[in-house]
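Quick one, fold the following:
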Amino acid sequence: MRRRTIVRLSNNLISGVRLALIRALLANKCDMRQAIVVASSPRSGSTWLSQMLSTMPDSAVLFEPLHLRYVPEASQAGFSWRTYVDPGVDWPEGKAFLTRIFRGDVLNWWTTRQMTLRSAFSARFLIVKFVRASRLLPWMCRSFSIRAPVLLIRHPCAVIASQMRSPIDWKNPARPEIPSRFPGYSRLQKIIKALDTREEFLAADWALDYLPALLAPSLHPWQVISYEELRLRSEEAMQRIFATWGSEVPAEVWQKVAQPSTVTYSSGISSLEGWKQQLSTEQVRRILDVTNRIGIPFYADAAEPDYRLLHKIACDNPTATGTFAAESASAGSFFSARRAD
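Alright, predicted model coming up:
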């Protein structure tokens, strides 16, 4: 018992010293205009992608600063687990908290878990990894001038298979909730009300995470990348990501491509078709039925999405900065017919 106590106190001391050093090294250094946002639904590969992007010179990774349990300031600022804010709404508290995030002022043991002392020493901007900000992306890009975010999307069956095997968080999912200003609220409420099973709840959350970004005007600042193309055609996908920022792909990226995510559980499903062995035919049918009814039709029972439909819906022509171009307000959308309730 005494030995365990000593070990625990030693670890706490080391952790505290490490955090103090990171705070000192990052103080007043991070240019929020250069911040890079990686957004996705949980278990979609965002940690893996952020680890690859962390090979960029002068960068450091900030990990999940909107996790309410580990970053209570997020809750105090008004964030929920899956916050949605209409892009036209002024939200000073949310903007103030995200400003602190992009400047490197929201630092604790959790948000710095993917950050090394070396990266903190050299960092001039942050790569901010979120699995709880996808619904917020249109508002975020209206409110901040940051580099084009990356919206990472993965097959819903793969995501849900991984969530259902995870030892945390998704054993008893609640029925999804959306605010009244969520696009297509009345139609979506009818779909949500009819859900019954665990996988249907998870499928609805997955689809709702991506819907606001997919409903956005065609000229938008974020770029949509699928996990599948990132796995199968890594070079092409990474070149597309970096070209949006006007940057060359760091040579070190390719060393990270083959490495598993540092948060991959032993129960994780790494192959693109692993979900076909875990989920029953009926579970797959229910998941895809929910995602299609909500309005995301480019994933079916194949391992890869329908890329033509994905990029048509995503209107994948991001601008170089994180602010919408003026003409985007009148731009059309593939989903325009679905905007009405």
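
lowest-confidence helix or strand of the protein?
helix 2-26 (a mean of 78; mean pLDDT, DSSP states H and E).

which strands and helices sit next to the following helix or strand past that one?
Going down the chain from helix 2-26, the next helix or strand is strand 36-40, by DSSP states H and E. Judged by 3 or more C-beta pairs under 8 Å, 6 or more residues apart in numbering; DSSP states H and E, the packing partners of strand 36-40 are helix 46-53, strand 125-130, helix 137-143, strand 150-153. Where C-beta positions appear, they are placed from N, C-alpha and C, glycine not excepted.

Between those, which one is closest to Ser180.
helix 137-143 (15.7 Å; C-beta to C-beta).

Quick one: mean pLDDT for stretch 130-148?
Mean pLDDT, stretch 130-148: 95.

buried set for it?
Residues 130-144, 146-148 are the ones in stretch 130-148 that count as buried (16 or more other C-beta atoms under 10 Å).

Same check on stretch 81-94?
Neighbour-count burial for stretch 81-94, counted by 16+ other C-beta under 10 Å, picks out 82-85, 87, 91, 94.

and the closest residue to Val290 other than its chain neighbours, what pLDDT?
In this structure, Val290 finds its nearest non-sequential neighbour in Ala203, 4.0 Å apart by C-beta to C-beta, 6 or more residues apart in numbering. On the pLDDT scale, Ala203 is placed at 98.

quick one, what contacts Ala203?
156, 160, 286-288, 290-291 (C-beta atoms under 8 Å, 6 or more residues apart in numbering).

and it, how far is that from Arg285?
Here the criterion is C-beta to C-beta, to the nearest Å. By it, Ala203 lies 11 Å from Arg285.

what do you get for Lys95?
Remark: distance between Lys95 and Arg285 (C-beta to C-beta) = 42 Å.

which one among the contacts of Ala203 gets closest to Val257?
Pro156 (23.6 Å).

isn't that closest one right up against Asp289?
No: applying C-beta atoms under 8 Å, one finds Pro156 not in contact with Asp289, separated by 10.9 Å.

out of those two, which sits in the busier spot?
When neighbours are counted by other C-beta atoms under 10 Å, Pro156 and Asp289 differ, and Pro156 comes out ahead with 26 against 13.

For stretch 166-181, the averaged confidence score.
For stretch 166-181, the mean pLDDT works out to 87.

ends of that stretch, how far apart?
Stretch 166-181 stretches 32 Å from its first residue to its last (C-alpha to C-alpha, to the nearest Å).

likewise stretch 127-136?
Stretch 127-136 has its terminal residues 17 Å apart, counting by C-alpha to C-alpha.

CA atoms of stretch 229-242 as CSV?
Output in CSV follows, covering the C-alpha atoms of stretch 229-242 (Å, rounded to 0.1, in the frame of the first residue of the first chain):
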residue,chain,number,x,y,z
GLU,A,229,-9.4,7.2,-48.7
LEU,A,230,-7.0,8.3,-46.0
ARG,A,231,-6.2,4.6,-45.4
LEU,A,232,-6.2,3.4,-49.0
ARG,A,233,-4.9,6.4,-50.8
SER,A,234,-2.9,8.2,-48.1
GLU,A,235,-0.6,10.1,-50.4
GLU,A,236,-3.3,11.5,-52.6
ALA,A,237,-5.5,12.4,-49.5
MET,A,238,-2.6,14.1,-47.6
GLN,A,239,-1.6,16.1,-50.7
ARG,A,240,-5.1,17.4,-51.0
ILE,A,241,-5.2,18.4,-47.4
PHE,A,242,-1.9,20.3,-47.4
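
And that stretch, how far out from the chain middle?
Here stretch 229-242 is found 17 Å from its chain centre; the criterion is C-alpha atoms, centre = their mean, to the nearest Å.

going forward can the numbers begin at 601, since that is how I track them
Will do, 601 is the new start, and the previous item becomes stretch 829-842.

residues of that stretch that come out buried?
In terms of neighbour count (16+ other C-beta under 10 Å), stretch 829-842 has its buried residues at 829-831, 834, 837-838, 841-842.

about what we covered before: as CSV, the helices and strands packed on strand 636-640 with distance to His667 would be great.
Putting the helices and strands packed on strand 636-640 into CSV (distance: least, C-beta to C-beta, whole Å) gives the following:
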stretch, distance to His667
helix 646-653, 13
strand 725-730, 9
helix 737-743, 17
strand 750-753, 18
